[in-house]
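Novice: need the 3D shape of this:
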Amino acid sequence: MLQIVPFFKKRRNFIKCLFAAPLIVETNVIRSQNMVNINKHFISFVKYWGDLGAGIGMVAMSPKGGPYFGEQGGPQITGSEPVPVQYKGQIQIAYLVYTYLIFPRPRRIFPPQKVEWFDPTSGKLTAEAPVTPAYFGQKDDPDKPLKGLIKSPSMSIETHGKLRDRMFVLYDVLFPIWATNPATSDQTGLRSQASEFLKVFDQVCEQPLRPYYYSLGRDWFGWLRELAK
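Specialist: Prediction:
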């Protein structure tokens, strides 16, 4: 008999299932003079937020252990990459919650069905709400898979993993600045990091979900684009 249990394995394990290949990547965490004391107030993306997404959903687990996708690749639910947002006047870390199918191939994902918001200093869930594509200004059918490949077919699992690690390093540099002193005129020294983050995120995120990410994190991405000019 199958059991439905919370999926609290690291998101790397989810990516291994999604891309059907092993992923073992380590990178060195850079340090920045802009991270002096303010970073102590926020939970690290490298150490925490990057792994939380895959624990948000529920998956069927086989009696032998590991996720069970069924003969037809039954629907599974997971959380997206983290996105900094301003929600009801508060800085939060948000996740899109969506359904995906690994089988039959090609792998498919559906529009987000829920958003969850977390406190960036405590890690606690502060709010959650069901959503439809209209919430993000999109016209996709919520009951049909989104068009497009999840990732570029030319990108290897190893490259994706390294880029994802780099994205969280950049998150830890940039997020505390945005959350505490978002005036771009004071942050010209971060132009290269902002530009790099935008490029890396665009490569790492689930491609069909791009417009949903950019809508949800409009304040964050808007700040980065302005900073990267």
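Novice: hmm, who's touching the strand or helix carrying A194?
Specialist: A194 belongs to helix 191-204 when assigned by DSSP states H and E. Helix 191-204 has contacts (C-beta atoms under 8 Å, 6 or more residues apart in numbering) with 32, 81, 152, 155, 160, 163-164, 166-167, 170-171, 173-174, 210, 213, 221, 224-225, 227-229. For glycine as for every other residue, the C-beta is placed from the backbone atoms N, C-alpha and C.
Novice: these in helices, which ones?
Specialist: Members of those lying in helices (criterion: DSSP state H): 160, 163-164, 166-167, 170-171, 173-174, 210, 213, 221, 224-225, 227-228.
Novice: and R166, how many neighbours?
Specialist: 18 (other C-beta atoms under 10 Å).
Novice: circling back: just the buried ones from the contacts of helix 191-204?
Specialist: The neighbour count (16 or more other C-beta atoms under 10 Å) marks 32, 81, 160, 163-164, 166-167, 170-171, 173-174, 213, 221, 224, 227-228 as buried among the contacts of helix 191-204.
Novice: and which of these is nearest F42?
Specialist: Y171 (9.9 Å; C-beta to C-beta).
Novice: related to what we said a few turns ago, of the buried ones among the contacts of helix 191-204, the lowest pLDDT goes to which?
Specialist: Among the buried ones among the contacts of helix 191-204, S32 carries the weakest pLDDT, at 37.
Novice: any chance you could map the helices in this structure?
Specialist: 11-19, 50-52, 157-180, 191-204, 210-216, 218-228.
Novice: make CSV out of these and add distance to T126.
Specialist: Putting the helices of the chain into CSV (distance: least, C-beta to C-beta, whole Å) gives the following:
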stretch, distance to T126
helix 11-19, 21
helix 50-52, 13
helix 157-180, 15
helix 191-204, 23
helix 210-216, 15
helix 218-228, 17
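Novice: and L101, which of those is closest to it?
Specialist: By C-beta to C-beta (comparing all of those), the closest turns out to be helix 11-19, at 10.3 Å.
Novice: leaving out the residues flanking it, which one is nearest to D143?
Specialist: F110 (7.6 Å; C-beta to C-beta, 6 or more residues apart in numbering).
Novice: within its sheet, name the partner strands of the lengthiest strand in the chain and how each one runs.
Specialist: Longest strand of the chain, by residue count under DSSP state E: strand 90-101. Here strand 90-101 has these sheet partners by DSSP bridges: strand 76-79 (antiparallel), strand 83-87 (antiparallel), strand 108-109 (antiparallel), strand 114-118 (antiparallel).
Novice: alpha carbons only: can I get the last one in CSV?
Specialist: So that's strand 114-118. What follows is strand 114-118, C-alpha atoms only, in CSV (Å, rounded to 0.1, in the frame of the first residue of the first chain):
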residue,chain,number,x,y,z
LYS,A,114,-1.0,27.8,-4.4
VAL,A,115,1.5,30.4,-3.0
GLU,A,116,3.1,30.0,0.4
TRP,A,117,4.8,32.9,2.2
PHE,A,118,7.5,32.5,4.9
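Novice: thanks a lot, see you next time.
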